[in-house]
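Take a look and give me a structure for this.
(one chain, ligands or ions: 1)
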Amino acid sequence: MSKQDIVELVPKPRTKFIRVKCSGCGSEQTIFSAASTNVKCLACNQEMAKSGASKIQIRTKIISVYT
Ligand SMILES: [Zn+2]
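Below is the predicted model:
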């Protein structure tokens, strides 16, 4: 009899708000980690985050993360 321990490291879907700073114009914006669309800077339209399968990819400077 063999016992196999299967450890699953599945991150729980946890949504966060992320404070980012635009690398283009320096303006700050709060974005949602589970956004389903790409996030652009409101001021200069630079892409700040790209939507992915389950979470977004931040493409600019992160200032802080609120959980
Ligand atoms: Zn900007």
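
residues contacting residue 49?
Residues counted as contacts of residue 49 (Cβ atoms under 8 Å, 6 or more residues apart in numbering) are 18, 20, 31, 35, 38, 39, 56, 57, 58, 59, 60. In short, each C-beta sits where N, CA and C put it, glycine included.

Next, the first one: secondary structure please.
Going back to what we said before, that points to residue 18. Following DSSP: H, G, I helix; E, B strand; the rest coil, the label given to residue 18 is strand.

How about the contacts made by it?
30, 31, 32, 33, 49, 58, 62, 64, 65, 66.

picking up where we left off before, dump the contacts of residue 49 to a markdown table, plus pLDDT and secondary structure.
As requested, those are arranged in a markdown table below (pLDDT from 0 to 100; DSSP: H, G, I helix; E, B strand; the rest coil):
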| residue | pLDDT | secondary structure |
| --- | --- | --- |
| 18 | 94 | strand |
| 20 | 97 | strand |
| 31 | 94 | strand |
| 35 | 87 | coil |
| 38 | 94 | coil |
| 39 | 95 | strand |
| 56 | 90 | coil |
| 57 | 93 | strand |
| 58 | 94 | strand |
| 59 | 95 | coil |
| 60 | 96 | coil |
